[in-house]
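# fold the following, please.
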Amino acid sequence: MATGYTITPELKKQFAASMTGHLDGLEKALLLLEKNPGHDTAVHSAFRAIHSIKGESDYIGIKDIIALTHELETLMDEVRTGKLQIEDKILPLLFEGLDILREMNRHVEDEVYPEQDLSSILEDIAKAVSASGKTEARVKKRPEVNLAAVFARSASQHMEYLRQTAESIVQGGSSVNAGEKILRSLNTLHTSANYAGFTRIAARVKEMKDRVEKVSSVRKNLASWLLAQVSALEKALSETAAKPREKKAAIEYARMLDVLGEEIPVPAEKLDSFLTRTSELSIAKNALNNLVHRAASARVDAKWLNELKKVAAGIDKVSDEFEHEVMNLRLVRINSLFNRLPRLVRDLSRQAGKKVELIITGGETEIDRKVIEHLVDPLIHMIRNAVDHGIEPPSERIAKDKPEKGTITVNACQEGSRAVIQVIDDGRGIHADEIGRKALEKDIVSPRSLEAMSEEEKINLVFAPGFSTAGKPTSVSGRGVGLDIVKNNIRDMGGSVKLSTEPGVATRITLHVPLSMAVQEVLMAEVSGATYAFPFASILETLKVAREKIRVINKEEAVSYYETVLVLKYLDEILGIPPGNQLRKKGPAGDLDVIVLALGSQVIGIVVDRIISREGVLTKPLYDPLAGIKEYSGAALLGDGSIVLVLDPTGMF
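From the prediction side, this is the model:
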């Protein structure tokens with residue numbers, strides 16, 4: 001029967017986050033050791049990661065994690081001291097331990113933590129350790145945690161800080177920020193006292209917290225009262241104190257609690273709420289600007305209108321600054337996702353019996369955390385597809401005069417308001433006719449439709465639901481659930497997917513995704529009586545171009561642009577809009593409004609009827625039947641209640 005452990009929710013979150021970091025470090029070290037078994041730095045890094053998890057789990061009191069990390073630490077200590085060598089039997093054991101610890105960590109925040117059966121791996125570790133000459137039995141009764149001793153050691157540090165702070169105030173010292181710092185220590189004490197079961201101490205600490213929270217600053221009278229309470233707490237703690245089993249452990253526990261007390265975490269749900277408020281403020285700002293514009297047209301009282309304009313300008317400024325700060329709060333480096341890939345490639349290539357090297361670049365690219373969350377599934381499926389279908393087995397690669405080891409390259413970069421993520425493999429590529437044949441077999445397409453398809457359209461059938469080229473399902477792929485998830489997930493976030501391939505050489509899948517799924521700055525423009533939005537981050541500048549300066553070069557209209565040539569494209573022609581009320585064609589005279597876009601290294605001028613204004617909008621993705629139109633990335637609600645389509649510059653060309 002499983003045993004449950006009740007843990008304070010605050011400590012659960014802190015511990016789970018900390019353990020995730022240590023496990024990531026352990027995984028990185030093990031992957032390095034797999035390539036270079038004699039890498040001393042990796043050995044010590046792996047040992048430190050396991051040792052840190054062990055110390056922190058001892059405080060939390062999750063005995064499964066304590067037991068496993070204790071044995072893994074012993075195993076790594078044998079490796080560290082040279083008694084055991086990193087070899088085929090040791091590394092799989094360490095990776096297995098890593099995976100079990102990750103699974104345990106997923107349950108740390110559960111209301112009741114379920115006990116795991118560790119007998120198999122503990123026995124395997126014991127055998128490995130005994131092989132090094134260490135004869136003591138390693139499978140022991142799980143160590144019990146002396147919570148009283150742990151609590152007494154850590155709490156004494158906070159008691160000393162509280163006493164020193166209160167004494168300083170009583171003696172006339174500065175009380176600036178003292179209340180905030182005192183509350184941090186009291187919060188930590190209260191949480192740990194409750195968890196350790198010292199209800200009387202917890203009640204006294206709560207009383208201290210309540211008194212401090214009610215005042216704006218800690219004065220002498222309150223400081224004197226706090227001193228008396230600290231003395232009473234110290235007396236109560238002395239009754240629970242136990243001799244420390246190990247000085248080093250006591251220091252580690254205290255350090256952990258101090259870190260928890262100093263941290264001010266920002267929960268993801270608060271950031272999401274913050275972001276929602278930002279979007280609402282931006283929409284309200286647009287509505288206000290619209291009212292200002294209408295008021296000006298109606299010729300209302302000039303003084304009142306000027307006041308309204310000042311208010312609107314102030315809201316504009318605050319809204320823009322607020323939006324910028326919130327967006328920066330949510331930005332994280334895409335390395336947080338890319339760092340998970342080496343282990344994934346390692347496991348998949350071993351299952352498939354292939355040799356694969358992973359190259360990662362552009363990990364410093366910063367993207368909204370929500371976007372990264374939506375990229376997890378697509379990226380996993382792209383990597384699976386590259387390993388299973390792209391990279392050939394070693395014998396086949398050698399026969400083709402290719403290196404025995406295949407290469408998968410994952411890179412990221414920023415282009416305007418979008419991030420570009422590519423997964424490239426140097427495998428067998430994709431053959432359009434083979435894709436067409438498989439699609440026919442699975443009734444994904446009719447013979448008549450297939451006959452009318454271009455080569456590119458045939459290749460893009462790999463994104464169809466249920467499509468797979470695998471002969472039979474494997475542990476890696478073959479069940480027809482893969483690249484369609486990539487397409488759907490990227491579409492739902494307002495992005496696009498492009499696949500290019502050279503049979504026998506390589507396959508490249510390119511994702512264009514928004515840097516953020518929140519408010520986006522756009523430039524509104526009109527063509528043929530309709531309004532469209534250009535992502536502002538893709539715009540270099542806007543120009544007025546005199547008609548007489550336009551020249552035809554290589555059958556394309558262009559104008560001189562600094563020291564080069566700017567090719568002109570007309571938005572109505574790009575979008576296939578029939579001729580209508582086109583302002584620019586009303587007469588031969590007058591200048592053309594041109595929006596200059598930067599698309600990677602390419603610069604193109606887009607001619608519109610007129611440029612309207614710059615606005616911040618909340619973009620929503622398009623769904624069927626509009627989702628397949630590559631020229632659009634989404635739609636947005638304007639301040640006057642109308643809907644505008646947001647253009648995707650990368651899909652326009």
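# what's the closest non-adjacent residue to V608?
A525 (4.2 Å; C-beta to C-beta, 6 or more residues apart in numbering). Glycine gets a C-beta too; all of them are placed from N, C-alpha and C.
# for that neighbour, helix, strand, or coil?
Using DSSP: H, G, I helix; E, B strand; the rest coil, the three-state assignment for A525 comes out as strand.
# how near is it to L375?
In this structure, A525 and L375 are 30 Å apart, going by C-beta to C-beta, to the nearest Å.
# cool, and F95?
From F95 over to L375 (counting by C-beta to C-beta), the distance is 25 Å.
# E548: neighbouring residues, count only.
By other C-beta atoms under 10 Å, the residues close to E548 number 8.
# what packs against the helix or strand harbouring L618?
Counting by DSSP states H and E, the element that carries L618 is strand 610-620. Packing partners of strand 610-620 (3 or more C-beta pairs under 8 Å, 6 or more residues apart in numbering; DSSP states H and E): helix 268-297, helix 302-330, strand 519-527, strand 530-535, strand 591-599, strand 632-637, strand 643-647.
# ok, now which ones touch the closest residue to M76 other than its chain neighbours?
If the residues on either side of it in the chain are set aside, M76 comes closest to F47, at 4.4 Å by C-beta to C-beta, 6+ apart. Taking C-beta atoms under 8 Å, 6 or more residues apart in numbering as the definition of contact, the neighbours of F47 are 73, 76-77, 79-80.
# how about those residues, which pair is most distant?
In the contacts of F47, two members sit farther apart than any others by C-beta to C-beta. They are E73 and V79, at 10.7 Å.
# all helices of the stretch 451-600 of the chain, in order?
When secondary structure is read from DSSP state H, counting those that start in this stretch, the stretch 451-600 of the chain shows helices at 455-459, 483-492, 571-575.
# which stretch in the ones you listed is the model least sure about?
Across the helices of the stretch 451-600 of the chain, helix 483-492 has the smallest mean pLDDT, namely a mean of 78.
# using CSV, write out the CA atom coordinates for it.
As requested, the backbone C-alpha atoms of helix 483-492 are provided in CSV (Å, rounded to 0.1, in the frame of the first residue of the first chain):
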residue,chain,number,x,y,z
LEU,A,483,3.9,16.4,-38.5
ASP,A,484,0.1,17.2,-38.5
ILE,A,485,0.6,18.1,-34.8
VAL,A,486,3.4,20.4,-35.9
LYS,A,487,1.2,22.2,-38.4
ASN,A,488,-1.8,22.5,-36.1
ASN,A,489,0.1,23.7,-33.1
ILE,A,490,2.1,26.3,-35.0
ARG,A,491,-1.1,27.5,-36.8
ASP,A,492,-2.9,27.8,-33.5
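# please name the bridge partners of the residue nearest to L499 when sequence neighbours are not counted.
Across the structure, with C-beta to C-beta, 6+ apart as the measure, the residue nearest L499 apart from its sequence neighbours is I509 (5.3 Å). Judged by DSSP bridges, the bridge partners of I509 are V423, L499.
# tally of neighbours for I509?
Neighbour count of I509, defined by other C-beta under 10 Å: 25.
# for E160, same thing?
For E160, the number of neighbouring residues by other C-beta under 10 Å comes to 13.
# kindly report the same for F95.
Once other C-beta under 10 Å is used to define contacts, F95 is seen to have 18 neighbours.
# for it, which non-adjacent residue is spatially closest?
L30 (6.1 Å).
# give me the phi and psi for the one you found.
Here is the backbone geometry of L30 (degrees, to the nearest 10): phi -70, psi -40.
# closest to V646 out of the helices of the stretch 451-600 of the chain?
Among the helices of the stretch 451-600 of the chain, helix 571-575 comes nearest to V646, with 12.8 Å by C-beta to C-beta.
# next up, the contacts around the residue nearest to L499.
Each residue near I509 by C-beta under 8 Å, 6+ apart is listed here: 382, 422-424, 486, 497-499.
# just among those, which is most surrounded?
The most crowded member of the contacts of I509, judged by other C-beta under 10 Å, is M382 (26 neighbours).
# with only the CA atoms kept, save the helix or strand hosting C413 in PDB.
Taking DSSP H and E as the criterion, C413 maps to strand 406-415. Output of strand 406-415 as PDB, limited to C-alpha atoms (Å, rounded to 0.1, in the frame of the first residue of the first chain):
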ATOM      1  CA  GLY A 406      24.100  11.700 -39.300                       C
ATOM      2  CA  THR A 407      23.700  15.300 -38.200                       C
ATOM      3  CA  ILE A 408      20.600  17.100 -37.000                       C
ATOM      4  CA  THR A 409      20.900  20.900 -36.700                       C
ATOM      5  CA  VAL A 410      18.500  23.000 -34.700                       C
ATOM      6  CA  ASN A 411      18.800  26.700 -34.900                       C
ATOM      7  CA  ALA A 412      16.800  29.800 -33.900                       C
ATOM      8  CA  CYS A 413      16.900  33.500 -34.800                       C
ATOM      9  CA  GLN A 414      14.700  36.500 -34.700                       C
ATOM     10  CA  GLU A 415      13.300  38.200 -37.800                       C
END
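# counting by contacts, list what that strand packs against.
Of the remaining helices and strands, those touching strand 406-415 by 3+ C-beta pairs under 8 Å, 6+ apart are strand 356-361, helix 369-385, strand 418-425.
# pull out the buried positions in the second one.
In other words, helix 369-385. Buried positions in helix 369-385, judged by neighbour count with 16 or more other C-beta atoms under 10 Å: 369-372, 374-375, 378-385.
# give me the angle between it and strand 418-425.
Between helix 369-385 and strand 418-425, the angle formed by their directions is 20 degrees, by axes from the mean of the first three to the mean of the last three C-alpha atoms, to 10 degrees.
# and helix 369-385 with helix 302-330, angle?
Calculated by the same axes, to 10 degrees, helix 369-385 forms an angle of 40 degrees with helix 302-330.
# low-scoring stretches of the stretch 301-450 of the chain, by residue?
Counting by pLDDT under 70, the stretch 301-450 of the chain contains low-confidence ranges at 301, 323-324, 326-327.
# again, but for the stretch 51-200 of the chain
In the predicted model of the stretch 51-200 of the chain, residues 58-59, 88, 111-112, 132-151, 153-154, 157, 175-176, 191-192, 194-197, 199 satisfy pLDDT under 70.
# rerun at 90
By pLDDT under 90, the weakly predicted segments of the stretch 51-200 of the chain are 51-67, 70, 73-74, 76-93, 95-96, 99-200.
# what segments of it are helices?
Listed in chain order (using DSSP H, counting those that start in this stretch), the helices of the stretch 51-200 of the chain are 63-80, 90-107, 119-130, 147-170, 178-196, 199-213.
# check the offset of the first one from the chain's centre.
Between the centre of helix 63-80 and the centre of its host chain there is 31 Å, according to C-alpha atoms, centre = their mean, to the nearest Å.
# CA atoms only: put that helix into CSV for me.
Extracted C-alpha coordinates of helix 63-80, given in CSV (Å, rounded to 0.1, in the frame of the first residue of the first chain):
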residue,chain,number,x,y,z
LYS,A,63,12.0,9.4,1.4
ASP,A,64,11.9,8.0,-2.1
ILE,A,65,14.1,10.7,-3.4
ILE,A,66,16.3,10.6,-0.3
ALA,A,67,16.9,6.8,-0.7
LEU,A,68,17.6,6.9,-4.4
THR,A,69,19.9,9.9,-4.4
HIS,A,70,21.8,8.4,-1.4
GLU,A,71,22.6,5.3,-3.4
LEU,A,72,23.3,7.3,-6.6
GLU,A,73,25.6,9.6,-4.7
THR,A,74,27.6,6.5,-3.4
LEU,A,75,27.8,5.2,-7.0
MET,A,76,29.1,8.6,-8.3
ASP,A,77,31.5,8.8,-5.4
GLU,A,78,33.0,5.5,-6.5
VAL,A,79,33.4,6.9,-10.0
ARG,A,80,34.8,10.2,-8.7
